[in-house]
Structures are given as structure tokens and as C-alpha cells.
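Asker: model this:
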Amino acid sequence: MLPLTFANSGQSFTVSKINGKEDTKKHLEDLGLVSGTEVEVVSAQSGNLIIKVKGSRLAITSELAQKIMVEASFQHSGRAVNDSKEIIKAV
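Answerer: Numbers count the residues shown, from 1 in each chain. Below you'll find the predicted structure:
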């Protein structure tokens, strides 16, 4: 489980946990970011992200992305793979 800030463009993830104060958690929940939600990183520049959540695109700051804990989720050779180490690039 790693923060979404470590994501590269084109990667898909499953939200595992949201960290932070209650108002931050509520804000992200209102945007559709809850545990179990699939998130795709559309663009990542300077830590700020554009993500696709439930068919909508959202722009989030690096500060918010740091609070979203995710696990990698993608299709590989016809089978689901869930291994963050394979596709997360250290910043």
C-alpha cells in the first residue's frame, strides 16, 4: 500500500485507505474516493494528478494525493495482478 503520489500516468489502482483529518476524508469521499474504488491516473506532473474515478476526471493536488493510499490493480496476460512493487516508480 502506497500513496497515490507515487503513481505514473496510465496506471490503475484500488483505493485501500484515506488518511487525514475528518474534513479531508469527507471531501475525498464526496469526490467518490472511498476504499475499494478503482482509480486511473490520467496525468501526473510535479506530484499533482489528474485521475479518473467512476467515469469522471478529477484534478487533485500532491497534498491530497499523499493521503490516498492505493494498491496497484491491472490486467496482465489475462489475469489480474495486484503487486504495487511492479509498477510504482519512486520519486
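Asker: alpha carbons only for contacts and neighbour counts from here, please
Answerer: Will do.
Asker: any buried residues in the helix ranked longest in the chain, and which?
Answerer: In terms of residue count, the longest helix belonging to the chain (DSSP state H) is helix 22-30. Neighbour counts over helix 22-30 (16 or more other CA atoms under 10 Å) mark 25, 28 as buried.
Asker: now it: how far from the chain's centre is it?
Answerer: Relative to its chain's centre, helix 22-30 lies at 15 Å (CA atoms, centre = their mean, to the nearest Å).
Asker: what does the helix or strand harbouring Ala65 rub up against?
Answerer: Counting by DSSP states H and E, the element that carries Ala65 is helix 62-67. Identification of contacts with helix 62-67 by CA atoms under 8 Å, 6 or more residues apart in numbering yields 3-5, 18-20, 46-49.
Asker: just checking, next helix/strand downstream of that helix?
Answerer: Using DSSP H and E, the next helix or strand after helix 62-67 towards the C-terminus is strand 68-72.
Asker: just checking: what are the partner strands of that following strand?
Answerer: Its sheet considered, strand 68-72 pairs with strand 2-3 (antiparallel), strand 12-18 (antiparallel) by DSSP bridges.
Asker: with mean pLDDT added, can I get these in a markdown table?
Answerer: Below are the strands paired with strand 68-72 laid out as a markdown table (pLDDT from 0 to 100):
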| stretch | mean pLDDT |
| --- | --- |
| strand 2-3 | 92 |
| strand 12-18 | 94 |
